[in-house]
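Undergrad: Could you look at this predicted model? Sequence included:
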Amino acid sequence: MSQIDRVLRSNLKLRHLQMLVALDQFRHLGRAAEFLSHTQPAVSKSLAEVERMFGLELFTRSTRGTEPTPFGDAVVRFARSVLSDYARTRDEIAAVASGAAGRVSVGTMVVATPGLVAQAVERLKQRSSLTTVYVEEGDLTRLLPRLRVGELDVIVARLEPGYASPDLATEPLYEEQMRIVVRPDHALAAMRKPGWAELAKVPWVMPPPWASSRIKLNQMFYQERLDPPIDIIESASFLVTLTFLRQRGAAAFVAENVARYLEAEGLAKALPVTVPIDLPPVGLLTLRQRKATPATEQFMACCREVTAASGAKRRRASPKSGTGKTPGAPRAVAKSSTPRRR
């Protein structure tokens, strides 16, 4: 263990870390060498050098390419984390020198993109137009590994209980209901009260199987004594959902704020179908042990402000509905260190 500690603390150079990440990404000595602007023998020599330092085989070589061993996987994760911290520090220093205000890397699920994230970025830009904001959309299976290695600073997502972990700090912001949408000229859009039987017969774009919204949607069909649709496309991408909603005439299951955005743009129509399901809140995910940069703190503050302003606006508007409650309106929820379990 003392040898490994010495290697990690002192012997590994930045070029070694870059080489390991490139090999993991391309799984081929030649392509990694081309990416790094080195020769293949030079990359092979560098890898052999690192393996001698550890006294371990980090990658297996074959005619098909290179594959990380379990030891290699661990070292690559370390390399990605160090390189991310290096890039973050470099950007912060460059931002201070240029008069800008840093950089924040945000992961987001579709549920939060058109409403919360877009408005929070707009607020941030109004205060600090030179702050660079990187936004990556995906589901938690894709975003959480990138948060853990430092390639993302914060994730705005539905706080799925199945992904709760001691290394994650979570802050619930609001609850978001779901709606069913179709393209404006869809046959279901012309129906006064489409039912679940009609919905079971059309193509669908559905959340991935692990998502709580997918599980609850399937339960709605079972409650109506129907089998869930079988003509489905699974995706957590906003663009994929919109593409097949329009191209295939599919129905889609989206968050209330996404449905409002699509209707405002004339891209879809929300169906008058009640979806009485209870889902985890939308909120912020960060790593406990990582201190947030000033730009990240500013972005998260903007998310809280947008949530508070949106909640206040809907409370003022709700009496006009005659019900005292706006269907699907996000409701602010208290902060918590772990996602609320349902």
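TA: Arrived safely, thanks for sending.

Undergrad: Quick check: bridge partners of Val282?
TA: In this entry, Val282 is beta-bridged to Arg158, Tyr174, by DSSP bridges.

Undergrad: ok, it - how many residues close by?
TA: Residues near Val282, counting by other C-beta atoms under 10 Å, number 25. All C-beta spots, glycine's among them, are computed from the backbone N, C-alpha and C.

Undergrad: and Lys193, what helix or strand is that in?
TA: Under DSSP states H and E, no helix or strand contains Lys193.

Undergrad: can you tell me how far it sits from Arg225?
TA: Separation of Lys193 from Arg225 (C-beta to C-beta, to the nearest Å): 18 Å.

Undergrad: mind checking pLDDT for Arg146?
TA: Arg146 is assigned a predicted lDDT (pLDDT) of 92.

Undergrad: That should have said Leu56, apologies.
TA: Per-residue confidence (pLDDT) for Leu56: 90.

Undergrad: So it: helix, strand or coil?
TA: At Leu56 the chain is in coil, as set by DSSP: H, G, I helix; E, B strand; the rest coil.

Undergrad: Can you tell me the element Ala308 falls in?
TA: For Ala308, the host element (DSSP H and E) is helix 294-317.

Undergrad: Likewise for Tyr134?
TA: strand 132-137.

Undergrad: Pretty sure Glu67 sits in a strand.
TA: Yes - counting by three-state DSSP, Glu67 is located in a strand.

Undergrad: nearest residue to Leu242 other than its sequence neighbours?
TA: Closest residue to Leu242 in three dimensions, ignoring its sequence neighbours and counting by C-beta to C-beta, 6 or more residues apart in numbering: Leu267, at 6.4 Å.

Undergrad: try Pro166
TA: The nearest residue in space to Pro166 (C-beta to C-beta, 6+ apart) is Arg288, at 7.7 Å.

Undergrad: neighbours around that neighbour, how many?
TA: Using other C-beta under 10 Å, Arg288 has 11 neighbouring residues.

Undergrad: Show the pLDDT at it.
TA: For Arg288, the pLDDT comes out at 92.

Undergrad: tell me which residues in the strand holding Tyr134 are buried?
TA: Buried residues in strand 132-137, defined by neighbour count with 16 or more other C-beta atoms under 10 Å: Val133, Glu137.

Undergrad: Please name the residues that touch Arg179.
TA: Phe253, Val254, Ala255, Glu256, Val258, Ala259, Ala270, Leu271, Val275, Gly328 (C-beta atoms under 8 Å, 6 or more residues apart in numbering).

Undergrad: Now do the contacts for the residue nearest to Leu242.
TA: Taking C-beta under 8 Å, 6+ apart as the definition, contacts of Leu267 comprise Arg183, Pro184, Leu242, Leu245, Arg246.

Undergrad: ok, so of those residues, who is nearest Ile233?
TA: Leu245 (9.8 Å; C-beta to C-beta).

Undergrad: Could you find the closest non-adjacent residue to the closest one?
TA: With C-beta to C-beta, 6+ apart, the residue lying closest to Leu245 is Ala252, at 4.9 Å.

Undergrad: would you list every one of the helices in the chain?
TA: Secondary structure of the chain (DSSP state H): helices at 2-6, 14-26, 29-36, 40-54, 70-98, 118-127, 140-148, 196-199, 212-223, 238-247, 256-264, 294-317.

Undergrad: List just the one of those that sits closest to Val106.
TA: Closest to Val106 of these, according to C-beta to C-beta: helix 294-317, at 6.6 Å.

Undergrad: What residues of that closest one count as buried?
TA: For helix 294-317, burial by neighbour count (16+ other C-beta under 10 Å) applies to Ala295, Thr296, Gln298, Phe299, Met300, Cys302, Cys303, Val306, Thr307, Ser310, Gly311, Arg314.

Undergrad: The first one against Thr131, yeah?
TA: Yes - under the criterion of C-beta atoms under 8 Å, Ala295 is in contact with Thr131, at a separation of 5.3 Å.

Undergrad: dump the residue contacts of the residue nearest to Leu245.
TA: Neighbouring residues of Ala252 by C-beta under 8 Å, 6+ apart: Ile180, Val181, Val182, Trp204, Val205, Met206, Thr241, Phe244, Leu245, Ala268.
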